[in-house]
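A.B. asks: mind folding the following:
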Amino acid sequence: MSVSGGTCRAPDLAAQDHDPAIEGLDVYIVGGAVRDALLDLPAGDRDWVVVGAAPEQMSARGFIPVGGDFPVFLHPKTKEEYALARTERKSGRGYKGFTFYTGIDVTLEEDLQRRDLTVNAIAQAPDGRLVDPLGGQDDLQHRILRHVGQAFVEDPVRLLRLARFAARFHEFSIAPETLTLARQLVSDGEVDALVPERVWREVAKGLMVPQASRMFQVLDDTGALARVLPGLRFNEAIASAELVCAAKSGLSLAARFALVCRLSDDPQGVARHVKAPGECQDYARLLPVILDGISAAEPAAWLALIERCDALRKPDRFLALVGAAGCVKEIDAGAWERRVQAVRAIDAGAIARAEQGRPERIKAALYEARLAALSGVK
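C.D. replies: Alright, predicted model coming up:
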């Protein structure tokens, strides 16, 4: 890690050829790109903040306005986001209950003060200079996730982000006072104002890191898990090993979410509540079915499982679920791939013609043919 004390310079993220679009503007890269550069991690998308400019000035330079609640612009060429420096004031319930002020008198330090965690509140000027009024570099050095200020308790999304960052940076501890404020977000009922789509967005990101189980552990420790994912029965000890296996195996988001939900009474209902994509809902519904039938030793049981999971039409989904099940129990995935191939190789059209189109005969003959095919699979 590059951080040493509080005087570090990050790699020059802002280095670029002469750019007339931002010439004369007071601009800084902020947030995750700076944090990751200081941690010697690949920097993702750059987010910029512009200090002392009005929306009219940005439009005159060719920037494209895209912000809803506050002014955000896309660079005319790079399409990177440039947000005007802003302050915010709590005006209602939930993460949308804020009013924003983006006057030209808002300073960079005031903008950084409204951010969630100190490690996300470091800015870098185009000359490489770091602006870190809140001690983010020191917290990176000591591997601590710490809230910026008391305003942390005003936005329930910050609790979700805290849990996600705890999973991504699993070697970081969470400052005790930050955990206290996170629990206050629950006790005050702020987390109840979270919309399902926003919950899913953060959960989906957190699931794709190697130590994803820590996200759920933090949500559980703060009392938020039952509020944001009602019906989820999460066994941290089991899920931890399973999600590590999923990450090492490169399983999809849908497969990882199915593993998280598999102990719940209604896995698909958990997925529906957060409005997870249809694929994630299907995986959550089917994984318990597969786990229940995957150890069968008879061809008739194999065929029943293949048909129940619609593996004839969706073999890739079925085999992906078998892969996920392999993180729970020992499974011969190759054997199941051969079984699916054998069943799908049966020519249903030829059987229909042989039975002269009689439905009751076709169904029975097709079943026997598939069963015979499976009986020959090693």
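
A.B. asks: residue 340 is in contact with residue 315, correct?
C.D. replies: Yes. Between residue 315 and residue 340 there is a contact under C-beta atoms under 8 Å: 5.1 Å. (Glycine included, C-beta is placed from N, CA and C.)

A.B. asks: of those two, which one has the most company?
C.D. replies: Taking other C-beta atoms under 10 Å, residue 315 and residue 340 do not tie; residue 340 has more neighbours (22 against 17).

A.B. asks: state the mean pLDDT of the helix or strand containing the more buried one.
C.D. replies: Assigned by DSSP states H and E, residue 340 falls within helix 333-344. Averaging pLDDT along helix 333-344 yields 95.

A.B. asks: only alpha carbons, please: show the next helix-or-strand element following that helix as CSV.
C.D. replies: Counting by DSSP H and E, the element after helix 333-344 in chain order, helix or strand, is helix 348-354. Extracted as CSV, the C-alpha positions of helix 348-354 are listed here (Å, rounded to 0.1, in the frame of the first residue of the first chain):
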residue,chain,number,x,y,z
ALA,A,348,-38.2,-36.1,-29.8
GLY,A,349,-39.4,-35.4,-33.4
ALA,A,350,-38.5,-38.9,-34.5
ILE,A,351,-40.3,-40.4,-31.5
ALA,A,352,-43.4,-38.4,-32.3
ARG,A,353,-43.4,-39.6,-35.9
ALA,A,354,-42.9,-43.2,-34.8
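
A.B. asks: tell me the buried residues in stretch 305-318?
C.D. replies: Under the neighbour-count criterion of 16 or more other C-beta atoms under 10 Å, stretch 305-318 has 305, 306, 309, 311, 315, 317, 318 buried.

A.B. asks: return the member of those nearest to residue 243.
C.D. replies: residue 317 (19.9 Å; C-beta to C-beta).

A.B. asks: contact partners for the residue nearest to that closest one when sequence neighbours are not counted?
C.D. replies: Closest residue to residue 317 apart from its sequence neighbours, by C-beta to C-beta, 6 or more residues apart in numbering: residue 282 at 7.2 Å. Applying C-beta atoms under 8 Å, 6 or more residues apart in numbering, we find residue 282 in contact with 254, 268, 317.

A.B. asks: how about the residues you listed in CSV, adding distance to residue 27, secondary structure and pLDDT?
C.D. replies: Shown next, in CSV, are the contacts of residue 282 (distance: C-beta to C-beta, whole Å; DSSP: H, G, I helix; E, B strand; the rest coil; pLDDT from 0 to 100):
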residue, distance to residue 27, secondary structure, pLDDT
254, 39, helix, 98
268, 46, helix, 97
317, 46, helix, 97
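
A.B. asks: returning to that earlier point: helices or strands up against the helix holding residue 340?
C.D. replies: Helices and strands touching helix 333-344, by 3 or more C-beta pairs under 8 Å, 6 or more residues apart in numbering; DSSP states H and E, are helix 299-308, helix 315-325, helix 359-375.

A.B. asks: show me the contacts for residue 186.
C.D. replies: The contact partners of residue 186, taken as C-beta under 8 Å, 6+ apart, are 159, 222, 223, 224, 227.

A.B. asks: ok, and the closest non-adjacent residue to the third one?
C.D. replies: Yep, that's residue 223 we're talking about. residue 186 (4.3 Å).

A.B. asks: next one: the last one
C.D. replies: Here the nearest residue to residue 227 in space, its sequence neighbours aside, is residue 191; by C-beta to C-beta, 6+ apart that works out to 4.9 Å.

A.B. asks: pretty sure that neighbour is touching residue 185, no?
C.D. replies: Yes. Between residue 191 and residue 185 there is a contact under C-beta under 8 Å: 5.5 Å.

A.B. asks: could you tell me which residues touch both of those two?
C.D. replies: 156, 159, 224.

A.B. asks: relative to residue 275, how far out is the first one?
C.D. replies: If I follow you right, that is residue 156. 17 Å (C-beta to C-beta, to the nearest Å).

A.B. asks: more neighbours: which of those two?
C.D. replies: Ranked by neighbour count (other C-beta under 10 Å), residue 156 and residue 275 place residue 156 first, with 27 against 14.

A.B. asks: is the more buried one in contact with residue 182, as I believe?
C.D. replies: No. In this structure, residue 156 is not within contact of residue 182 by C-beta under 8 Å, at 9.5 Å.

A.B. asks: in which helix or strand does residue 226 reside?
C.D. replies: Judged by DSSP H and E, residue 226 forms part of helix 225-228.

A.B. asks: list the buried residues of that helix.
C.D. replies: Residues 225, 227, 228 are the ones in helix 225-228 that count as buried (16+ other C-beta under 10 Å).

A.B. asks: do the same with stretch 337-353
C.D. replies: 339, 340, 342, 343, 346, 351, 352.

A.B. asks: straight-line length of that stretch, end to end?
C.D. replies: End-to-end span of stretch 337-353 (C-alpha to C-alpha, to the nearest Å): 28 Å.

A.B. asks: kindly report the same for stretch 182-196.
C.D. replies: End to end - C-alpha to C-alpha - stretch 182-196 spans 19 Å.

A.B. asks: ok now it, how far from the chain's centre?
C.D. replies: 19 Å (C-alpha atoms, centre = their mean, to the nearest Å).

A.B. asks: how about it: buried residues?
C.D. replies: Those would be 182, 183, 185, 186, 190, 191, 193, 194, for stretch 182-196 by 16+ other C-beta under 10 Å.
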